[in-house]
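1. quick check, what structure comes out for this input:
(chains A and B)
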There are 2 protein chains.
Amino acid sequence: MQLANPHIKPGQEDVLYHIALGTKSHNLQYLFHDVKFVCLGGSPSRMRQFAEYLVSVLQIEIPSGMGLTNIASGSDRYVLYKVGPVLSVSHGMGVPSLSIIFHEIVKLLHHAGCSDVTFFRLGTSGGLGIEPGSLVITEEAVDGLLRPYMELATLGKLVQHPSRLDPDLAQELLSLAQADPACQAHNTYLAKTMCTLDFYEGQARLDGAFCDYQEKDKMTFLKKVHESGVCNIEMESLCFASYCHRAGIRGAVVCVTLLDRLKGDQISTPHDTLEDWQRRAQNLVASYIKQRLKRST
Amino acid sequence: MQLANPHIKPGQEDVLYHIALGTKSHNLQYLFHDVKFVCLGGSPSRMRQFAEYLVSVLQIEIPSGMGLTNIASGSDRYVLYKVGPVLSVSHGMGVPSLSIIFHEIVKLLHHAGCSDVTFFRLGTSGGLGIEPGSLVITEEAVDGLLRPYMELATLGKLVQHPSRLDPDLAQELLSLAQADPACQAHNTYLAKTMCTLDFYEGQARLDGAFCDYQEKDKMTFLKKVHESGVCNIEMESLCFASYCHRAGIRGAVVCVTLLDRLKGDQISTPHDTLEDWQRRAQNLVASYIKQRLKRST
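-> Next up is the predicted model:
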């Protein structure tokens, strides 16, 4: 894992502030040298649950008296679990929150001397014209103006970073979903994902604290977005995709849809059903990792 | 608390998804009718600690066998504590994460029938040309291009929301800081705050996973920002200020600075010192609330 930053030099201390780890305080190579997969998701409890699920899927032996532990527990900003060659990490909500943890995980893997690492974002989203509970694998991430790049104010200028994802990885995940009996209960799509900086007005909802537009304006916009090939809307894919591209990392975004935004705004499906749906992205990514590890042994 | 949204109608169910509360599942008026202050901060554990501190400062009587509880515990996205008339709420990191909780707290207060509520953001930040550990009360929030508004893609168009904060409230806080013996150990400034969408490149750091510029470019930019009147840089004030302005809410942003960005990028100050500094914003806001409550009785 090479860094696209000549200022970070070997031997110099590097504090990964938001995960309370560092090159001086921790032996990062000892702790993380064997990492081959990084799985990121918004919710800390969901990423803990995913780590527990991986223990069983990958048949990881946990020594007696031991258990999974949050390696980033020195900070309360993110959680970080390691299950064999997989990191399960929370990223909070929105592009800025994902940006911080992405920077620090890439530096962590660099300091640990890792190579050939694949990244996944496992998320939730609002669907467009597809049944709630469907999976969407992101073909291309676009912003709230349907542009395929992340625009970031850097040194007082707007810089555009293309949000390209690995097409082969997306296709492999789609094929796996189509072949896997566990995925037959729902549909899986390969499509564009719109990534917004806001959940309410940014996603054309009518149910926020503020709303300056009418239902017909909302529907005109969402239909236009849908017609452009977008099947779901969330809040992190653009940054994930553009940073994977910049870092030369194979990355994929797999999100479940919690509702059809062409039919409503509120998420009022019972909690247990939502939990069940959220496991669908976890199942697909865990199956993929299992298959890849089998192939490499 | 009026909503600037005609689509939210009395009697209709409203699910506040990210804090797992709702008008049908909870009696919001019973739970929250007496709220007069909302304090928002990034870290969940810091906002719990602030709630505990308020119990002692405001001399809130807690019935035997009872204790503070996270009212939003049905979700793991944010924490929400209530201490008498004060809510202590985490907002995560970055504008999108703050945006979600701001929308849902304003709707919560509206459904509960609250009036005359004052909002605070208590945060951490990087300082510019001032001693680490100083407090900065935000006079005006500007974005990464030094513009005093939040730009949000809404229905496919960029909409600009002015980020005005209440000048009287900021001045009252400054006067209180200058008069309070507990605030004599550090400086307090009233100044502009720059709010960015990224912690590394967005704040001209050299220590991220990516960096396409040189140290001299960084210094030229940070000095220009400082000369424009900005004393600190963080990641939420722009949204906080513009939403307070839109909602007609008196709001203030009080941040401690953890380092001087004209001297470095890494936060390597010992944890205990950082904790101590972070209590400075809490002390000032708690003193203000105590004074206001005294005046109104």
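2. not counting its neighbours along the chain, what's nearest A:Ser99?
-> B:Asp198 (4.9 Å; CB to CB, 6 or more residues apart in numbering or on different chains). (Each C-beta comes from the backbone N, C-alpha and C, glycine too.)
3. kindly report the same for A:Ile100.
-> In space, and not counting its chain neighbours, A:Ile100 is closest to B:Phe199: 4.9 Å by CB to CB, 6+ apart.
4. for the one you found, phi and psi?
-> When read as degrees, to the nearest 10, the backbone of B:Phe199 gives phi -90, psi -30.
5. tell me who's in contact with it.
-> B:Phe199 makes contact with A:18, A:96, A:99-100, A:103, B:93, B:205, B:208, B:235 under the criterion CB atoms under 8 Å, 6 or more residues apart in numbering or on different chains.
6. output the residues you listed as JSON lines; include the columns pLDDT, neighbour count and distance to A:Lys218.
-> As requested, the contacts of B:Phe199 are exported to JSON lines (pLDDT from 0 to 100; neighbours: other CB atoms under 10 Å in any protein chain shown; distance: CB to CB, whole Å):
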{"residue": "A:His18", "pLDDT": "96", "neighbour count": "20", "distance to A:Lys218": "36"}
{"residue": "A:Pro96", "pLDDT": "98", "neighbour count": "27", "distance to A:Lys218": "26"}
{"residue": "A:Ser99", "pLDDT": "98", "neighbour count": "30", "distance to A:Lys218": "28"}
{"residue": "A:Ile100", "pLDDT": "98", "neighbour count": "24", "distance to A:Lys218": "32"}
{"residue": "A:His103", "pLDDT": "98", "neighbour count": "26", "distance to A:Lys218": "35"}
{"residue": "B:Met93", "pLDDT": "98", "neighbour count": "28", "distance to A:Lys218": "29"}
{"residue": "B:Arg205", "pLDDT": "97", "neighbour count": "20", "distance to A:Lys218": "38"}
{"residue": "B:Gly208", "pLDDT": "97", "neighbour count": "25", "distance to A:Lys218": "37"}
{"residue": "B:Met235", "pLDDT": "98", "neighbour count": "29", "distance to A:Lys218": "29"}
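7. ok, back up a step: how many neighbours does the residue nearest to A:Ser99 have?
-> For B:Asp198, the count of nearby residues is 22 (other CB atoms under 10 Å in any protein chain shown).
8. swap in A:Leu31?
-> By other CB under 10 Å, the residues close to A:Leu31 number 15.
9. and what of A:Thr188?
-> The local packing of A:Thr188 (other CB under 10 Å) involves 22 other residues.
10. you'd agree the residue nearest to A:Ser99 is in a helix?
-> No. B:Asp198 is assigned coil when assessed by DSSP: H, G, I helix; E, B strand; the rest coil, not a helix.
11. how close does it sit to A:Glu140?
-> B:Asp198 sits 22 Å away from A:Glu140, going by CB to CB, to the nearest Å.
12. any idea how many residues pack against A:Glu13?
-> A:Glu13: 10 neighbours (other CB under 10 Å).
13. secondary structure class of it, three-state.
-> Quick answer, by three-state DSSP: A:Glu13 is coil.
14. who's in contact with it?
-> A:Glu13 makes contact with A:22-24, B:266, B:268 under the criterion CB under 8 Å, 6+ apart.
15. same check, this time on A:Gly251
-> A:Gly251 sits next to A:118-121, A:165-166, A:169, A:240-241, A:244 when contact means CB under 8 Å, 6+ apart.
16. farthest-separated two in the residues you listed?
-> Of all pairs drawn from those, the greatest distance, 13.8 Å, lies between A:Thr118 and A:Ala241 (CB to CB).
17. between these two, point out the one with more neighbours.
-> A:Ala241 (29 against 20).
18. now A:Thr257: closest residue in space, sequence neighbours ignored.
-> A:Gly127 (3.0 Å).
19. quick check, pLDDT for the one you found.
-> Looking at A:Gly127, its pLDDT is 98.
20. which parts of chain A are strands?
-> Assigned by DSSP state E, chain A shows strands spanning A:15-16, A:21-22, A:37-41, A:80-83, A:86-90, A:118-127, A:135-142, A:149-154, A:157-162, A:188-195, A:230-234, A:250-260.
21. A:Ser175: neighbour count?
-> Applying other CB under 10 Å, we find 11 residues neighbouring A:Ser175.
22. that one and A:Gly229, how far apart?
-> Following CB to CB, the distance that separates A:Ser175 from A:Gly229 is 20 Å.
23. and if you look at A:Leu258?
-> 20 Å.
24. cool, and A:Asp143?
-> 14 Å.
25. so between the two, which is more surrounded?
-> Remark: of A:Asp143 and A:Gly229, A:Asp143 carries more neighbours, 21 against 15, as counted by other CB under 10 Å.
26. wait, isn't the more buried one in contact with A:Leu238?
-> Yes. With contact defined as CB atoms under 8 Å, A:Asp143 reaches A:Leu238; the gap is 5.6 Å.
27. identify the contacts common to those two.
-> Looking at what touches both A:Asp143 and A:Leu238 (by CB under 8 Å, 6+ apart), the common residues are A:149-150, A:195.
28. got CSV for the residues you listed, with pLDDT, neighbour count and distance to chain B too?
-> Output for those, formatted as CSV (pLDDT from 0 to 100; neighbours: other CB atoms under 10 Å in any protein chain shown; distance: CB to the nearest CB, whole Å):
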residue, pLDDT, neighbour count, distance to chain B
A:Tyr149, 97, 18, 13
A:Met150, 97, 26, 9
A:Cys195, 98, 30, 10
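29. for A:Leu28, state which of those is nearest.
-> So of the shared contacts of A:Asp143 and A:Leu238, ranked by how close each gets to A:Leu28 (CB to CB), first place is A:Met150, at 27.6 Å.
30. chain neighbours aside, what residue packs nearest to that closest one?
-> Going by CB to CB, 6+ apart, A:Met150 has A:Ser242 as its nearest residue, at 4.3 Å.
31. pretty sure that neighbour sits against A:Leu165.
-> No. Using CB under 8 Å as the test, A:Ser242 is too far from A:Leu165 to be in contact (9.5 Å).
32. of these two, which one has the most company?
-> Shown here are A:Ser242 and A:Leu165; by other CB under 10 Å, A:Ser242 has more neighbours (28 against 24).
33. who's in contact with the nearest residue to A:Gln2 once chain neighbours are set aside?
-> Spatial nearest neighbour of A:Gln2, excluding adjacent residues (CB to CB, 6+ apart): A:His110 at 7.1 Å. Counting by CB under 8 Å, 6+ apart, A:His110 makes contact with A:1-3, A:8, B:209.
34. in chain A, where is pLDDT below threshold?
-> For chain A, applying pLDDT under 70 flags no range at all.
35. break it into its domains for me.
-> Following automatic domain parsing, one finds the domains of chain A at A:1-116, A:122-297.
36. quick one: closest of those domains to B:Thr69.
-> Ranking the domains of chain A by proximity to B:Thr69 (CB to CB) places domain A:1-116 first, at 17.2 Å.
37. please consider this matter closed, and thank you.
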